[in-house]
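Q: 3D model of this:
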Amino acid sequence: MRKIDKIDYRYIEKTLFSYPDLCKKMEQQREAIMEKFPSLYGECIRGSTTSDPTGNKAIKLLTDLSLISLCKKIQAIEDTLAILRPHERKVFELYYLKHKSAVEVSMAIPCSVETVYRIKRKIVWISGHKMEVLHLE
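A: Predicted coordinates:
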């Protein structure tokens with residue numbers, strides 16, 4: 001593993017810490033899109049949209065850039081979690097989701113604080129590659 005730039009490391013960690021919020025935000029955006037377009041028997045559609053309300057929803061769900069970005073970040077984190085071993089996933093859960101300190105995580109697992117930091121670096125490294133923030137050289 002090569003050294004990760006501080007800016008990239010902080011960005012990836014911020015994304016990992018915000019994983020539950022990202023999931024909620026994605027669901028809210030999906031629901032907003034589903035509610036935004038008129039129903040089949042509702043108001044009359046005018047303008048440049050198609051007359052198929054279901055098609056409009058599908059197109060919006062597939063082309064909304066902020067939703068696509070959220071989905072990519074969430075998928076990258078979920079792919080990372082799928083790769084990790086159970087004790088590494090526990091570190092992710094305790095540190096990034098429950099906001100425990102490295103010392104508290106080391107006591108809960110049990111392992112050394114250095115091991116917690118090593119696992120954190122591994123999580124950031126894999127997530128960074130999955131999010132395409134870090135590139136193999």
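
Q: so who does residue 103 touch?
A: residue 113 (C-beta atoms under 8 Å, 6 or more residues apart in numbering). Quick note: C-beta positions are derived from backbone N, CA and C, even for glycine.

Q: how close does it sit to residue 114?
A: Using C-beta to C-beta, to the nearest Å, we find residue 103 at a distance of 11 Å from residue 114.

Q: which residues are in contact with stretch 123-132?
A: Applying C-beta under 8 Å, 6+ apart, the contact partners of stretch 123-132 are 1, 4, 8-9, 12-13, 15-16, 72-73, 75-77, 79-80, 83-84, 88, 91-92, 96, 134-136.

Q: report the buried residues of that stretch.
A: For stretch 123-132, the neighbour count (16 or more other C-beta atoms under 10 Å) marks 123-131 as buried.

Q: restrict that stretch to CA atoms and write it as PDB.
A: Taking Å, rounded to 0.1, in the frame of the first residue of the first chain, the C-alpha atoms of stretch 123-132 are listed here in PDB:
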ATOM      1  CA  ILE A 123     -10.800   0.100   4.900                       C
ATOM      2  CA  VAL A 124      -9.900   3.600   3.600                       C
ATOM      3  CA  TRP A 125      -7.600   2.100   1.000                       C
ATOM      4  CA  ILE A 126     -10.100  -0.400  -0.400                       C
ATOM      5  CA  SER A 127     -13.000   2.200  -0.200                       C
ATOM      6  CA  GLY A 128     -10.800   4.800  -2.000                       C
ATOM      7  CA  HIS A 129     -10.200   2.400  -4.900                       C
ATOM      8  CA  LYS A 130     -13.800   1.300  -5.100                       C
ATOM      9  CA  MET A 131     -14.900   5.000  -5.100                       C
ATOM     10  CA  GLU A 132     -12.200   5.700  -7.700                       C
END
